[in-house]
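Novice: Here is the input, now give the coordinates:
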Amino acid sequence: MTSVSDCFQSLRDRGQCALIPFITAGDPDLKTTAQALRLLDRSGADLIELGVPYADPLADGPVIQAAATRALRSGVKLEAVLGIVKQVSPEIKAPIILFTYYNPIFYRGVEVFLKQVKEAGVKGLVVPDLPLEEAENLLKPAAEKGIEVTLLVAPTSPIERIEAIARQSQGFIYLVSVTGVTGVRSQVATRVEELLTSLRSVTEKPIGVGFGISEPQHALQVKNWGADAVIVGSAIVKRLAKGTPEQGLKEVEEFLRSLKQAIN
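Specialist: As a prediction, this is how the structure comes out:
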């Protein structure tokens with residue numbers, strides 16, 4: 001796997017928009033998570049977001065919350081998630097970005113946590129509840145270990161805060177398309193186009209758009225508005241939970257290929 005930044009640079013050089021699927025580790029089980037990571041990689045994922053199950057996921061909508069609850073009930077913990085990453089990461093090209101809340105990081109200690117994820121093969125982190133004012137406590141030691149921490153820009157962020165986030169975010173900038181939590185929506189908010197323009201005026205870093213993208217036409221719209229990456233979570237997690245694990249994986253593969261085709 002290359003770094004998150006190198007992956008984006010390679011895509012930019014080819015004039016391509018990145019596809020970043022999200023799945024929740026351990027849902028429906030860890031064996032299926034390993035299979036899903038491999039499947040996503042060969043079905044068009046340029047990078048992969050892997051969510052660590054968490055009991056109080058403030059940014060997650062009902063679909064991902066339910067997936068996290070199922071995983072936690074099965075006893076899935078961070079160590080098991082990292083075990084799957086360590087097993088699969090040497091086999092795939094797409095860099096794995098761990099999506100986790102700050103409490104597990106704080107609980108272990110930043111240095112210990114970063115050492116663990118580095119050894120597992122994680123290339124990036126998204127920490128949705130990391131305050132910008134405290135981000136340096138994670139950004140600096142992560143950068144020293146070659147792990148890129150991506151920060152989120154909310155639709156309600158004033159331009160001064162957007163500039164500050166853009167300066168500090170590593171790998172790319174995660175633009176949240178809606179106010180509220182993740183989830184499947186019927187359309188992408190038109191304010192995304194305006195937000196992309198605002199971000200472009202203050203940074204040359206890649207910009208990924210997530211939250212609410214659930215159809216190939218949504219992905220194409222976001223690409224046409226100028227996004228460097230399309231991030232799709234709930235729509236994939238929902239499909240993976242359908243029927244047997246085999247049926248869920250088949251649904252995810254077909255859906256991911258349709259998203260990839262839309263943005264190519």
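Novice: packing partners for the lengthiest helix in the chain?
Specialist: The longest helix of the chain (DSSP state H) is helix 245-263. Packing partners of helix 245-263 (3 or more C-beta pairs under 8 Å, 6 or more residues apart in numbering; DSSP states H and E): strand 18-24, helix 30-42, helix 216-224, strand 229-232, helix 234-240. The way it works is simple: take the backbone N, C-alpha and C, and place the C-beta from them, glycine included.
Novice: how about those, which one is nearest residue 49?
Specialist: Residue 49 lies closest to strand 18-24 among those, at 4.0 Å (C-beta to C-beta).
Novice: In JSON lines, list the helices and strands packed on helix 245-263 along with distance to residue 166 and mean pLDDT.
Specialist: Listed next are the helices and strands packed on helix 245-263 as JSON lines, based on distance: least, C-beta to C-beta, whole Å; pLDDT from 0 to 100:
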{"stretch": "strand 18-24", "distance to residue 166": "18", "mean pLDDT": "98"}
{"stretch": "helix 30-42", "distance to residue 166": "28", "mean pLDDT": "98"}
{"stretch": "helix 216-224", "distance to residue 166": "18", "mean pLDDT": "93"}
{"stretch": "strand 229-232", "distance to residue 166": "15", "mean pLDDT": "97"}
{"stretch": "helix 234-240", "distance to residue 166": "26", "mean pLDDT": "95"}
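Novice: I'd like to know which of the ones you listed lies nearest to residue 119.
Specialist: Nearest to residue 119, of the helices and strands packed on helix 245-263 and by C-beta to C-beta, is helix 30-42 at 17.3 Å.
Novice: Please, where are all the helices along the stretch 51-200 of the chain?
Specialist: For the stretch 51-200 of the chain, the helices defined by DSSP state H, counting those that start in this stretch cover 62-73, 78-88, 102-108, 110-120, 136-144, 159-168, 191-200.
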